[in-house]
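next comes the sequence, and after it the predicted model I'd like to discuss.
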Amino acid sequence: MILPCKHEKRVTDQVQPAIDLLTDMDVLHPDVLLQHSIQPPDYKQGLVFRSAVESIRGSFIASSTTAREALVGDVLENLRQRGSIADYRKTAAAGRHDFDVSIDRDPDYFAALEVKGGEGNSINISERPLWAKEFGVWCHLDGAIRNQPAHGAHSIVNRLTNELVRRRKLVDVLFFKDVLCGTRARPCPKYPGNEDKIGLCGAPDIFFFPQRIPSLDDPEPPVHTFDTLRLPRLILDLFSVEPHHYSEHTWEVHVRVVSLPNERARREVQVSHKGDVVDASRSRAWRLEE
């Protein structure tokens, strides 16, 4: 499994009953609707229910985006206060990434971070700055808990590796962490005895990506390590992870481009953790001129 954590079954089991209750409120509890000046015939036919859901969803997405960026901002601020990085800056709203990170001033060494949600639907919006020595994506697995974290991680890795091979956008590292990590809703198995209490003190999961863009001439480039990137080590150190425990928090994303007959190719991806393959996928074939 690409990520070891799971939402608690007692929580996920409540999702469908909640959907049924809200969907059929006009039939099950019309009296409750009337108490709140909602006419039961208008609940569905008048689109009251649907409009309310869409409004709540929009508000949730907006607040989640703000919360995600705030959490990453807190991490970078703590790194700056500790002297682990020289500085950081939240980029303008029109920017193609969210944070500039100055790891060193002498000589200049910069990283860039893009903050995304838990399914990676907008991965293709971001761009790697030309000046960035390191480019990372920070994803929060918040939102609907019907899907386990492993589902979101699998989706995002596939989207990023597609961007890597087809659009030649190099992403060095992927971080996973949100406010549910290490809580009763999503215990973290990396902290035995403290699975549901570690909360925001728990370190993110880190996925190392290839050092170069895979191609037929370079079909399976080596994957980054703590020796080739600086920001992942700084972040694990911030969360008090000892070097001999780094492997508990890290995954390797191996990408290979395979040549097929009729001038076609395919992308093959394997994700490994502590030497074991925990996820594998392959893309559909495409023509090399596409």
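Sure thing, it's come through.

list the contacts for I206?
V173, L174, F175, F176, P232, I235, L236, H249, T250, W251 (Cβ atoms under 8 Å, 6 or more residues apart in numbering). Any C-beta I mention is one placed from the backbone N, CA and C, and that applies to glycine too.

actually V223, sorry about that
F208, F209, P210, Q211, E252, V253, H254.

write the PyMOL selection for whichever of those residues are buried.
The PyMOL command for the buried members of those (criterion: 16 or more other Cβ atoms under 10 Å) is given here:
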select buried, resi 208+209+210+252+253+254
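
CSV for the contacts of V223, including pLDDT and distance to E195?
Output for the contacts of V223, formatted as CSV (pLDDT from 0 to 100; distance: Cβ to Cβ, whole Å):
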residue, pLDDT, distance to E195
F208, 98, 25
F209, 98, 28
P210, 98, 32
Q211, 98, 34
E252, 97, 24
V253, 98, 26
H254, 98, 29
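
reformat the contacts of V223 as TSV; add secondary structure.
What follows is these, written out as TSV (DSSP: H, G, I helix; E, B strand; the rest coil):
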residue	secondary structure
F208	strand
F209	coil
P210	strand
Q211	coil
E252	strand
V253	strand
H254	strand
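
where's V257, which helix or strand?
strand 250-260 (DSSP states H and E).

flag every buried residue along that strand.
In strand 250-260, counting by 16+ other Cβ under 10 Å, buried: T250, W251, E252, V253, H254, V255, R256, V257, V258.

among the residues you listed, which pair sits farthest apart?
The largest distance within those, taken as Cβ to Cβ, falls between T250 and V258 and amounts to 25.9 Å.

what is the strand holding V257 packed up against?
helix 149-166, strand 205-208, strand 264-273 (3 or more Cβ pairs under 8 Å, 6 or more residues apart in numbering; DSSP states H and E).

E220 is nearest to which of those?
Between the helices and strands packed on strand 250-260, strand 264-273 lies closest to E220; by Cβ to Cβ that is 8.8 Å.

worst average pLDDT in the helices and strands packed on strand 250-260?
Mean pLDDT values for these show the minimum at helix 149-166, a mean of 88.
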